[in-house]
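Chemist: Kindly generate the corresponding structure for this input.
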Amino acid sequence: MSNTDLALDATVADQLLQRATIDSGAQLRGWKLEHMDVHPGVQATATYLVELTRGSRPVRTRFGITRRAGGPTRSDSLADVYQDGRNTVAIWEYPEDPDLPALAIAANGRELARALIQYGVLPKRADPTQLQVELTSYRPRRRAVFRAWWDEDLWYVKVLRPESLTATRDRHRMLLDAGIPAPEVLVAARSGLLVMPQLPGRPLADAIFDPKPPISAESLIELLDSLPAEVSSLPRRPPWASGVEHFANQIARTMPALENKLNWLTDDILSGLANSPVGNEPTHGDFHEGQIRIARRRVTGLLDIETLGPGSRVDDLACLVAHLACVQNMNDAQHERIAELLRQWVPVFDERVEQVR
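Modeler: The predicted structure is shown next:
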């Protein structure tokens, strides 16, 4: 089955959202695509910001849709399931994500406060109404991240699939034991709720626009090279470059005029990597400026370590370079700052990569 067969285009999305809202006793007034993940030939999952009317009351909410080839998964049964020709469609209203049972707790300030009191993060006499919660990212059916603060204390709350909780907690312990500044896990609930304190420093994603380089390329390489050897024994994840055909197809669908250029670029990348070994170095797996906290030109935190595993150092360094090259909504001064960072960092990265070829 082709990627297009499962595409959640505007027409399909509107039909499905109309059906789901009518079945729930509401009337759809409008919607906007928020996020989409596509697994070619297998499934497509998207979230939509939705405006509807329940009774006489206007409501703004979020709906998720998974359209998959073949029959429903076990967790699909926790959503509203429809058949769409050969495909199965599961629809849910946030926060009732069928793969993230702890999402409904994390998204509700009072419920999350009660959980934090239960696990001893908040004092027993804390007022649950005083906990402030903000959603910072949501990958439907995969994970969500929230900021939660009470008085002067700030925590990050992750919602994971329950089956991935133990592996994630163990990765945090692995890095902490090796002296890597990963967040300490304060709560690891069986439902998939993970609570961690904010680490010191500030995000490298903010510091990249400083007048002077916020950290050296050598320090970033040192951070990666200090990952413990045990990381190489973890399950291997495909490198980002392995998805180049998928990403090129996604772009070509929305920008057909670029198809020939994208095909050329894809062929060039794949041929260039054809003889490159997959590597067995410890790698972060999703290394970019949003995953690093710094202070006084030193690394004070390494975040989102679920992707740890064996690979090549070039995978992590190329991921960082690609993210910097795609920063959006910059002014001219910020463009020049990023360009200068890349001029300084890339030659150092290249030298490190050449050492293992």
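Chemist: where exactly do the helices run in the stretch 101-250 of the chain?
Modeler: Secondary structure of the stretch 101-250 of the chain (DSSP state H, counting those that start in this stretch): helices at 103-106, 109-118, 165-177, 204-207, 217-225, 244-254.
Chemist: Show me which residues of the last one are buried.
Modeler: The one in question is helix 244-254. Neighbour-count burial for helix 244-254 flags 244, 248-250, 252 (criterion: 16 or more other Cβ atoms under 10 Å). Every C-beta, even on glycine, is put in place using the N, C-alpha and C of the backbone.
Chemist: just those residues now: which is nearest I294?
Modeler: Checking the buried residues of helix 244-254 against I294 with Cβ to Cβ, the nearest one is V244 at 30.4 Å.
Chemist: Let's see the lengthiest helix in the chain as PDB, backbone CA atoms only.
Modeler: The longest helix of the chain (DSSP state H) is helix 332-354. Listed next in PDB are the C-alpha coordinates belonging to helix 332-354 (Å, rounded to 0.1, in the frame of the first residue of the first chain):
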ATOM      1  CA  ASP A 332      19.100  39.100   9.800                       C
ATOM      2  CA  ALA A 333      21.300  39.300  12.800                       C
ATOM      3  CA  GLN A 334      20.200  35.900  14.000                       C
ATOM      4  CA  HIS A 335      20.800  34.400  10.500                       C
ATOM      5  CA  GLU A 336      24.400  35.700  10.700                       C
ATOM      6  CA  ARG A 337      24.900  34.300  14.200                       C
ATOM      7  CA  ILE A 338      23.800  30.800  13.100                       C
ATOM      8  CA  ALA A 339      26.000  31.100   9.900                       C
ATOM      9  CA  GLU A 340      29.000  32.000  12.100                       C
ATOM     10  CA  LEU A 341      28.400  29.100  14.500                       C
ATOM     11  CA  LEU A 342      28.300  26.700  11.600                       C
ATOM     12  CA  ARG A 343      31.500  28.200  10.100                       C
ATOM     13  CA  GLN A 344      33.200  27.600  13.400                       C
ATOM     14  CA  TRP A 345      31.700  24.200  14.400                       C
ATOM     15  CA  VAL A 346      31.400  22.200  11.200                       C
ATOM     16  CA  PRO A 347      35.200  22.000  10.500                       C
ATOM     17  CA  VAL A 348      35.700  20.700  14.000                       C
ATOM     18  CA  PHE A 349      32.900  18.200  13.600                       C
ATOM     19  CA  ASP A 350      34.400  17.100  10.300                       C
ATOM     20  CA  GLU A 351      37.700  16.400  11.900                       C
ATOM     21  CA  ARG A 352      36.100  14.300  14.600                       C
ATOM     22  CA  VAL A 353      34.100  12.300  12.100                       C
ATOM     23  CA  GLU A 354      37.200  11.600   9.900                       C
END
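Chemist: So which elements touch that helix?
Modeler: Packed against helix 332-354, as judged by 3 or more Cβ pairs under 8 Å, 6 or more residues apart in numbering; DSSP states H and E, are the following elements: helix 217-225, helix 313-325.
Chemist: any idea of the mean pLDDT for that helix?
Modeler: Averaging the model's pLDDT scores along helix 332-354 yields 93.
Chemist: where does the stretch 251-357 of the chain have low pLDDT?
Modeler: In the prediction, the stretch 251-357 of the chain carries residues with pLDDT under 70 at positions 355-357.
Chemist: In contact with the most centrally placed residue in the chain, which residues?
Modeler: The C-alpha lying nearest the average C-alpha coordinate of the chain belongs to R139 (Cα atoms, centre = their mean; 6.0 Å). The contact partners of R139, by Cβ atoms under 8 Å, 6 or more residues apart in numbering, come to 35, 37.
Chemist: What residues are bridge-paired with it?
Modeler: R143 (DSSP bridges).
Chemist: what's the neighbour count on the closest residue in space to S191 that isn't next to it in sequence?
Modeler: Sequence neighbours aside, A102 is the residue nearest to S191 in space, at 4.1 Å (criterion: Cβ to Cβ, 6 or more residues apart in numbering). By the criterion of other Cβ atoms under 10 Å, A102 has 26 neighbours.
Chemist: Check F63 too.
Modeler: Residues near F63, counting by other Cβ under 10 Å, number 24.
Chemist: tell me the SS of it?
Modeler: Using DSSP: H, G, I helix; E, B strand; the rest coil, the three-state assignment for F63 comes out as strand.
Chemist: Which pLDDT does the model give it?
Modeler: Here, the pLDDT recorded for F63 equals 97.
Chemist: I'd guessed it sits against Y48; true?
Modeler: Yes: in this structure F63 lies within contact range of Y48 using Cβ atoms under 8 Å: 5.1 Å.
Chemist: pLDDT score for the residue of the chain most remote from its centre?
Modeler: With Cα atoms, centre = their mean as the measure, the chain has its most outlying C-alpha, relative to the mean C-alpha position, at S56: 36.5 Å. The score at S56 is 90. That number is its pLDDT.
Chemist: likewise P40?
Modeler: For P40, the model assigns a pLDDT of 71.
Chemist: Could you check how far it is from D286?
Modeler: Plainly put, P40 is 20 Å away from D286 if you go by Cβ to Cβ, to the nearest Å.
Chemist: If you count surrounding residues, which of the two has more?
Modeler: Ranked by neighbour count (other Cβ under 10 Å), P40 and D286 place D286 first, with 20 against 17.
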